[in-house]
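*Asks:* Next input, structure requested:
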Amino acid sequence: MLELVLLVLVIILAYLYYTSLRKISSISSEKQSLSVKYGKMSEQFFPFLEKYNHDPQSFRFIGTPIDGVQFDDDKIIFVEFKSGSSQMTEKQKKIKSLVENGKVSFEEVRIK
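*Replies:* Next up is the predicted model:
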């Protein structure tokens, strides 16, 4: 009888343990998703912060793969905003490399 009670108790504890793990995983996923969404929303306001050293009226938000383009009088700047410990994606690093190596051009496309 005692063995049966212990077995039932172990089964209940195992069930609660695995259920808790799934719930924690789900919450962690939701938190990460919200973090990404908040980051995407706040990127649109970064040009209006005091730390931004350019005219925010001359900034154009793109969103992806980089946040935007700053049009100054004497230069054009590709801008990627980051906060906390976020890192650039491989695509963003590639774009940065292309810009730094002068692999940027301008094309006019006319539609008749």
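
*Asks:* would you list every one of the helices in the protein?
*Replies:* 2-43, 90-100 (DSSP state H).

*Asks:* now, of those, which is deepest in the fold?
*Replies:* helix 90-100 (a mean of 13; mean count of other Cβ atoms under 10 Å). In short, each C-beta sits where N, CA and C put it, glycine included.

*Asks:* Centroid-nearest residue for the chain?
*Replies:* Val36 (4.8 Å; Cα atoms, centre = their mean).

*Asks:* Can you give me the distance of Lys23 to Val104?
*Replies:* For Lys23, the distance to Val104 (Cβ to Cβ, to the nearest Å) stands at 48 Å.

*Asks:* Ser58 too?
*Replies:* For Ser58, the distance to Val104 - Cβ to Cβ - is 18 Å.

*Asks:* These two - which one has more neighbours?
*Replies:* A direct count of neighbours by other Cβ atoms under 10 Å for Ser58 and Val104 places Ser58 higher, at 14 against 11.
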